[in-house]
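**Q** I'd like to go over a predicted model; first the sequence, then the structure.
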Amino acid sequence: PPFPLSPLPRVPQMETEPLLQGAGGSWGVYGADEESRRSDSSGPRSSGSRQSSGSTGGQLDDLCIQQAAVFIEDAIQYRTINHRVDSQSLKLYRWYYSKACQRFLSTTIFVILTLAFFEKPSSLSLTSDLRFRHVIWEPSCGLMEGIEALCLLLFMVDVIIKSYLIGWEEFRKAKWLIAYILVLAVSAIDWMVSMGLFCEERVRVRRILRPFFLLQNSSLMKKTLKCLRQTLPQIASVMLLLALHLLLFTMIAMLLFARAQNSKENKEWKTYFQNVPTSLTSLLVLLTTANNPDVMIPAYSKNRGYALFFITFSIIGTYLLMNLLTAIIYNQFRGYLLSSVQTSIVRRCLGIRCAFEVLCCGHATKAGRRGSLRMMVSTSTVVQVLQKVTMSPMHKQEIIKQAKAFTHDCVTAEQFRILFDELQKETMREHPLKPEYRSSFLQKLQLLLCHRNADYVGNLMVTVHLICIFVALVLDADKPMSERDGFFSEVVNGSFVLYYLLEMALKIFALGIKGYCSYKSNLFDGLLTLILLILQLSSLGAYGFPHPGWNPDLHGLLTLWETVRLANMLIVFRFLRIIPNIKLMALVAGSLLDLIKNLRAFAGILVVAYYVFAIVGVVLFKDKIPAPNNSTNSSLNTHVASPENATLRCGTYEQLEYWPNNFNDFAAALVTLWDLMVVNNWQVFLDVFSRYASPWSKLYFVAWWLVSAVIWVNLFMALILENFIHKWDRSYHMSFSDQESEYQMSVQDMFRDDLEEPTEEELLERLRQHPHLHLLKGPI
């Protein structure tokens, strides 16, 4: 023979060796002309290369199959492929990213974050009200610290595994991983300080750092944070304009409402514009409309012309600059997020192409006049790899089906890429076949029950039931429990529960038990029906059959009226079944569900902000507000302990009895921050903490307002708009049968139309730079 036979080249187990010795020339762009150009420059291939690429039917090494499966999983999850690819590392890699391991890691993060509720100051009290707060249990020193130490040890194992899997070269580039190690080091040192001081230290730095563990575990959170950081310069420009607007109107206000000689005319000056900090605070609160029209009433009562000042300020600040800030956040953040999501798309394409290159075995075909080796993968190999990939069963089944449909039992790079376009498509729910009945009457009855009008009748009955409940509530609204007649409610509820049971039985008859359970709406209806039946039977067993004037003595685990109220609330939930039948309502509900399911990373950013500000708030403001005198006696709760508390000026913290809103424990701090984010009456908190803590405390609350109410709320509004617009456009291209599809839109899907897939040259160049694969750039 012209070439001596040589054994098949061994697929290397060590990463220092080339991964594909015989497939090194597979860096061509497919197509006849490009293949011809590639054949001109390739030159003769080695015998080992010919031998390795000459048979498409041979079995590939198990390592190649394992590598390809991992790269496909990386593509599905938008993960980077720059990790170790030897056999042992791949086993560790798949174990680390398995559902069980990731859930365990998420549970560890959840545990360390929830420690703040139990650590001193403990949130284990029935109320956060300063007058009645009594802590049920305070943990002893070492208990919470022991749980925290265990979590930190698990995080250390996590960072060691991550560092090993990506290797030293990639580790030096991983800023988040380096920061992970630094946070763990600081947390460990602070933990040792706490134990040395017997848990008596006031400030624990590691508590503020805990949200980092949540951030670093989510790639989308990290992308969102990066986008926010890049958007800040544009936000800062508008914030500077807003600050100038505030300063300008502050100076004008201090000139307009200067102190007069007559004390009766000084109310505006004394209350809102006494000095520069007070004036700035008053106008800042007016910017959020929280103190409108209170802030202008003293001046407006003297002269109606003063209203022009406040109206002009609100038009420029609230309706122009704040809305301009919303537009900038939406536009700039969307652009930066788009570029970040583009990286995810590149990762998916790169993972799919890398899997193909690993599997490549040469299939000799003639391409053009000169002839060349067109790299292909056998269909059986593709199917073998797909069987090992962890992915959605419906997607896997469809991809395997398409792979087997290819002619010539071979798959090219382009065909291999097209296979995974199924990941972007909707998955159709396949319902079990309906039972077949021999009787013509039963067949007609089955056809009638499966008709859409049967659902309309069910929705109508639920609506009638809801109207009956509403009428009963209106009639009994002013009556005490002892005077109410439960006859009407019990008879109505019992009758409709019987109807719901009949409806459930007829649906099971028409669809079969498996077919009935395959619809989520049926499961929802069936579960509520069974709960209602149990409640009704319990009521009958405890109180007997209803009759006119029926109002038995209240007793038992659930009293009669508690049972009725619970049943009515469940019926209100059952009314939600009409949502899928109203297109616009279904569109809005679908958008909300997508936000809950797929945009959790953006909510995670807010969780991080809440956590950090709550911890800082507890450190700064714990026990700053004194409890009123006789705080355990509710009849004396208007009495106060200090001279400042004794002046119950209208609109103050004390007069409004905002005692539960404080920073005395972590849970109370979270609720207080929520009230501040809503910005209704947030000037009350600015006032009370500036009086009891420090005037500089206003900076904390203004910073929280900027982070939560300005940046995050506007960001979330932009995401809702993007999600809804995408759903709205998609709804016009759907047939009615598409309503049963299981479609969960991700952030990548939301920006799909604006994203560009990388070219083949870009993919191949990135593959050449892989730190562990060492694919050859040309023939050997």
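**A** The structure has been received and is ready for your questions.

**Q** Show the pLDDT at the residue nearest to the spatial centre of the chain.
**A** For the chain, Arg600 is the residue whose C-alpha lies nearest the centre (C-alpha atoms, centre = their mean; 0.3 Å). Per-residue pLDDT puts Arg600 at 71.

**Q** ok, it to Leu220 distance?
**A** 9 Å (C-beta to C-beta, to the nearest Å). All C-beta spots, glycine's among them, are computed from the backbone N, C-alpha and C.

**Q** What lies in contact with stretch 456-476?
**A** 484, 488-489, 492, 496, 499, 503, 568, 571-572, 574-575, 577-578, 581 (C-beta atoms under 8 Å, 6 or more residues apart in numbering).

**Q** where along the stretch 201-350 of the chain do the helices fall?
**A** 205-209, 211-216, 219-256, 267-272, 276-287, 297-302, 307-314, 322-359 (DSSP state H, counting those that start in this stretch).

**Q** likewise the stretch 451-600 of the chain?
**A** Under the criterion DSSP H, counting those that start in this stretch, the stretch 451-600 of the chain contains helices at 452-476, 487-517, 520-543, 560-574, 583-598, 600-621.

**Q** Among those, single out whichever gets nearest to Lys434.
**A** helix 487-517 (5.9 Å; C-beta to C-beta).

**Q** Now the closest one: buried residues?
**A** Using 16 or more other C-beta atoms under 10 Å as the test for burial, helix 487-517 gives 488-494, 496-497, 499-500, 503-504, 506-512, 515-516.

**Q** same question, stretch 377-386
**A** So for stretch 377-386, counting by 16+ other C-beta under 10 Å, buried means Val377, Ser378, Thr379, Thr381, Val382, Gln384, Val385, Leu386.

**Q** what's the farthest-apart pair in those?
**A** Ser378 and Leu386, at 12.8 Å, using C-beta to C-beta across these.

**Q** follow-up on the earlier one: so which of the helices of the stretch 451-600 of the chain gets nearest Leu359?
**A** helix 583-598 (31.2 Å).

**Q** picking up where we left off before, right, and the helices of the stretch 201-350 of the chain - which one's nearest His83?
**A** Set against His83 and scored by C-beta to C-beta, these come closest in helix 322-359, at 11.1 Å.

**Q** Give the rounded mean pLDDT of the closest one.
**A** 80.

**Q** Poorly predicted segments of the stretch 151-300 of the chain, please.
**A** For the stretch 151-300 of the chain, the stretches flagged by pLDDT under 70 are 263.

**Q** Kindly recompute the last result at 90.
**A** 167-170, 172-173, 198-203, 218-239, 255-272, 274-275, 291-292, 294, 298-299 (pLDDT under 90).

**Q** Likewise for the stretch 501-650 of the chain?
**A** 503, 507, 511-606, 623, 627-650.

**Q** about what we covered before: as CSV, the helices of the stretch 451-600 of the chain with distance to Trp95 would be great.
**A** Output for the helices of the stretch 451-600 of the chain, formatted as CSV (distance: least, C-beta to C-beta, whole Å):
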stretch, distance to Trp95
helix 452-476, 46
helix 487-517, 34
helix 520-543, 33
helix 560-574, 41
helix 583-598, 26
helix 600-621, 24
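
**Q** burial measure for Ala627, as a count.
**A** 20 (other C-beta atoms under 10 Å).

**Q** Looks to me like it is in a helix.
**A** No - counting by DSSP: H, G, I helix; E, B strand; the rest coil, Ala627 is located in no helix; its state is coil.

**Q** going forward, begin numbering at 557 instead of 1
**A** Shifting the count to begin at 557 puts that one at Ala1183.

**Q** surely it meets Leu686?
**A** Yes - using C-beta atoms under 8 Å as the test, Ala1183 is close enough to Leu686 to be in contact (4.1 Å).

**Q** who touches both of these two?
**A** What both Ala1183 and Leu686 touch, as defined by C-beta under 8 Å, 6+ apart, is the set Trp1215.

**Q** Leu1212 touches Val1240, doesn't it?
**A** Yes - assessed by C-beta under 8 Å, Leu1212 is found in contact with Val1240 at 6.3 Å.

**Q** Of those two, give the one with the bigger neighbour count.
**A** Val1240 (22 against 14).

**Q** Which secondary structure state does the more buried one sit in?
**A** Applying three-state DSSP: Val1240 is helix.

**Q** ok, it - contacts?
**A** Val1240 sits next to Gly1207, Thr1208, Tyr1209, Leu1212, Tyr1214 when contact means C-beta under 8 Å, 6+ apart.

**Q** Check pLDDT for those and point me to the minimum.
**A** Lowest pLDDT among the contacts of Val1240: Gly1207, 82.

**Q** Check the secondary structure at that one for me.
**A** Criterion first, three-state DSSP; result for Gly1207: coil.

**Q** and it, how many neighbours?
**A** Neighbours of Gly1207 using other C-beta under 10 Å come to 14.

**Q** Can you tell me how far it is from Phe1219?
**A** 21 Å.

**Q** what do you get for Asp1041?
**A** Counting by C-beta to C-beta - Asp1041 and Phe1219 are separated by 49 Å.

**Q** neighbour-wise, which of those two wins?
**A** Phe1219 (29 against 17).

**Q** Would you mind confirming that the more buried one makes contact with Val1174?
**A** Yes - the criterion here is C-beta under 8 Å, and Phe1219 meets it with Val1174 at 5.2 Å.

**Q** Need the overlap of contacts for these two.
**A** Common contacts of Phe1219 and Val1174 (C-beta under 8 Å, 6+ apart): Ala1225.

**Q** export the helices of the stretch 757-906 of the chain to CSV and tack on mean neighbour count and distance to Ser719?
**A** Output for the helices of the stretch 757-906 of the chain, formatted as CSV (neighbours: other C-beta atoms under 10 Å; distance: least, C-beta to C-beta, whole Å):
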stretch, mean neighbour count, distance to Ser719
helix 761-765, 18, 19
helix 767-772, 20, 13
helix 775-812, 16, 17
helix 823-828, 19, 57
helix 832-843, 21, 46
helix 853-858, 16, 63
helix 863-870, 16, 54
helix 878-915, 20, 20
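
**Q** closest one to Ala1010 among these?
**A** helix 775-812 (42.2 Å).

**Q** Point out the other helices and strands that that closest one packs with.
**A** Using 3 or more C-beta pairs under 8 Å, 6 or more residues apart in numbering; DSSP states H and E, the elements in contact with helix 775-812 are helix 767-772, helix 832-843, helix 863-870, helix 878-915, helix 1156-1177.

**Q** The same query, at a cut-off of 7 Å, please.
**A** Packing partners of helix 775-812 (3 or more C-beta pairs under 7 Å, 6 or more residues apart in numbering; DSSP states H and E): helix 767-772, helix 832-843, helix 878-915, helix 1156-1177.

**Q** Centre of the chain to the longest one, how far?
**A** Just to be clear, that refers to helix 878-915. 17 Å (C-alpha atoms, centre = their mean, to the nearest Å).

**Q** How about the first one?
**A** A distance of 14 Å separates the centroid of the chain from that of helix 767-772, by C-alpha atoms, centre = their mean.

**Q** elements contacting it?
**A** Counting by 3+ C-beta pairs under 7 Å, 6+ apart, helix 767-772 packs on helix 655-674, helix 731-752, helix 775-812, helix 1156-1177.

**Q** what sits up against the first one?
**A** Under the criterion C-beta atoms under 7 Å, 6 or more residues apart in numbering, residues 651, 679-680, 695, 700, 703-704, 707, 710, 714, 763, 766, 769-770, 773, 1167, 1171, 1222-1223 lie in contact with helix 655-674.

**Q** All good on my end, thank you.
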